[in-house]
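Trainee: compute the structure for the input listed below.
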Amino acid sequence: MSSETKRFGEIAFELQFITTAELYEGLVIQARDEARGEPHRFLGQILIELGHLSEKQVLEVLRLLHDRPRQGTREL
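Mentor: Numbering: from 1, shown residues only. Reported below is the predicted structural model:
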């Protein structure tokens, strides 16, 4: 993994849970909603609603996002 922090969509794609087209579709919907002033929805929520991810897959991505040490911190 690079020194940059990966985002939800990148991890879901790397795990082969979604395709690039599915990721793009979710991001377009998220951006469109925000441009319209609608309440923020997380990408995982959008991808579940589209049928591209299961709740179990979202939880796996979130586990990977939050279980790794954050940049600039150290484990004791």
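Trainee: for the protein, give me the ranges with low pLDDT.
Mentor: By pLDDT under 70, the weakly predicted segments of the chain are 1-4, 68-76.
Trainee: quick one: the helices in the protein, in order.
Mentor: Under the criterion DSSP state H, helices of the chain are mapped to 8-14, 20-35, 43-50, 55-67.
Trainee: got the buried residues for the second one?
Mentor: By 16 or more other C-beta atoms under 10 Å, the buried positions in helix 20-35 come out as 22-23, 25-26, 29-30. Every C-beta, even on glycine, is put in place using the N, C-alpha and C of the backbone.
Trainee: closest one to E14 out of those, please.
Mentor: Distance to E14, by C-beta to C-beta, is smallest for L23 among the buried residues of helix 20-35, at 10.7 Å.
Trainee: how much space between the closest residue to the closest one other than its chain neighbours and Q16?
Mentor: Spatially, and ignoring its direct neighbours in sequence, L23 is nearest to G9 (4.8 Å; C-beta to C-beta, 6 or more residues apart in numbering). Applying C-beta to C-beta, to the nearest Å, the value for G9 to Q16 is 13 Å.
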